[in-house]
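Chemist: for reference, the sequence and a predicted model appear below.
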Amino acid sequence: MNKHKNMMHELPVEAYTSQEWFDLEQKHIFSTTWQFAGLVEDVSNPGDYISVQAGLNNIFIVKGRDNRLRAFHNMCRHRGTQLLRAVGKNQKAITCPYHDWTYNLEGKLVSVPKKEEEEFPDLYNKELHDCGLNLHEASVDIFKGMLFVHPDKNAPNIIEFFGEVEPFLGPHIPEELIEYQEKKEEPFYSKEINANWKIIVENYIDHYHLAHLHEGTLNMYDHAKAEFGWAGPHYWFYEPLVAEYLADVKNAAPYPLIDKMPEDKMGAYVPWLFPNIGITESESAWNTFHAIPLAPDRTLVVIRSKTMNVSEWEYAKQATKSAMSSVWRTIGNKGKYEGDASDPMASGDFMKEDIYACEQQQKSLSSPLFSIGAKAQKGEYAVSKFQSVVKEWIEKHRDDA
């Protein structure tokens, strides 16, 4: 019997299909790591808040009147009802919709309905905020303009967690860029994919497929000169532009070039921050790629893009120059196959190509004939390494529990 019959390199097939594995990951990975919550501008004013699921924990970040960011577990101390929904502005206080227990922006219990005074005599015999029923604290911190939360109020330092990979990130300064919205009614890209979150990650970090699946859609990058590796549990990646594209990049780029990007640093920086946040950094954009596990075979991908802070006229002018650039006549931009553009493999859209490939891999896992063939020693090395990190992280935190 093929020794890889029931393996995905380092993990069993069940790691991609079973509820048991999904639950293990939620408890021992997503509940023990820094989780991406949004961008710093999401909570720019006192009372602004956002919430995020961090493994088994729903956590919200709120900016206080003192302009400090704080994070709390999103549940009332009375009966555990969720306090705040996804996102909001100018919150004056935090009131539970179930029984109207109210907390201030610092997480202190400040009122219980007066009509309940006889119901809760112990609460009214002392100052409410000293009664031990304040909100459970979590941790919040900022890394490269991104907000992260950790369920533990005494979480490990975020710089220590991401510090090893930071030198390999692009020279971009995301705080100086603005969020790009192609469609006003859709502030950012969101897509539910019928595949396990780890398949999404493995596709993201798989260098081997770039010159094959995306031979016609990502051909502005020189895949043969790619550099990549690991820094702690995090993956880093860089590949330069091909000569033809670089020679006309000021015209060919889809958006205005990032002005502080040195020409010799242009290219694709595509790191993956463990466990589930990617950053795609190019000559004209900076993006977050958030893979949110929903079920063993379903993942929500949310992409947020930031570009140069210039006028709409500059964007329109650049789009026109890009469309007219001779570089696209030279290197082309087309799908893997010819045919109707509704076919993801003929769409000329690399995201649709990736989604198709990931969903087909997920379907294959249910076949009794599924197995893994020979793996590319270099091109798929990152996939095996990622699987090892997942396995080691679960085992470590399961032993610590």
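Modeler: Here it is on my side, so go on.

Chemist: what's near enough to touch Asp340?
Modeler: Neighbour list for Asp340: Ala346 [criterion: C-beta atoms under 8 Å, 6 or more residues apart in numbering]. Where you see a C-beta, it was placed from the backbone N, CA and C, and this is true even at glycine.

Chemist: over to it: give its phi and psi.
Modeler: Reported as degrees, to the nearest 10, the phi and psi values for Asp340 are phi -60, psi 140.

Chemist: in the protein, what residue sits furthest out from the centroid?
Modeler: Computed with C-alpha atoms, centre = their mean, the residue of the chain farthest from its C-alpha average is Glu118, at 47.7 Å.

Chemist: name the element that one belongs to?
Modeler: Applying DSSP states H and E as the criterion places Glu118 outside every helix and strand.

Chemist: ends of stretch 118-133, how far apart?
Modeler: Between the opening and closing residues of stretch 118-133 lies a distance of 18 Å (C-alpha to C-alpha, to the nearest Å).

Chemist: oh, that last question was meant for stretch 53-69, not what I typed.
Modeler: End-to-end span of stretch 53-69 (C-alpha to C-alpha): 18 Å.

Chemist: doesn't Lys352 lie inside a helix?
Modeler: Yes - using DSSP: H, G, I helix; E, B strand; the rest coil, the assignment for Lys352 is a helix.

Chemist: can you give me the strands for the stretch 301-401 of the chain?
Modeler: Assigned strands in the stretch 301-401 of the chain: none (criterion: DSSP state E, counting those that start in this stretch).

Chemist: so the closest residue to His214 other than its chain neighbours versus Gln91, what's the distance?
Modeler: Nearest residue to His214, sequence neighbours excluded (C-beta to C-beta, 6 or more residues apart in numbering): Phe350, at 5.0 Å. Look at Phe350 and Gln91: by C-beta to C-beta, to the nearest Å, they are 39 Å apart.

Chemist: what bridges to the most centrally placed residue in the chain?
Modeler: Nearest residue to the geometric centre of the chain (C-alpha atoms, centre = their mean): His290, 2.0 Å. In this structure, His290 bridges to Ile277, Val302 when assessed by DSSP bridges.

Chemist: related to what we said a few turns ago, quick check: pLDDT value at the residue farthest from the centre of the chain.
Modeler: The score at Glu118 is 70. That number is its pLDDT.

Chemist: same thing with the one 5 residues further on?
Modeler: Confidence at Leu123, expressed as pLDDT, is 70.

Chemist: any stretches of the stretch 251-400 of the chain with poor pLDDT?
Modeler: Low-confidence segments of the stretch 251-400 of the chain (pLDDT under 70): 400.

Chemist: residues in contact with the residue nearest to the centre of the chain?
Modeler: Residues counted as contacts of His290 (C-beta under 8 Å, 6+ apart) are Phe36, Asn276, Ile277, Gly278, Val301, Val302, Ile303, Arg304.

Chemist: quick one: buried ones out of those?
Modeler: By neighbour count, with 16 or more other C-beta atoms under 10 Å, these hold Phe36, Asn276, Ile277, Gly278, Val301, Val302, Arg304 as buried.
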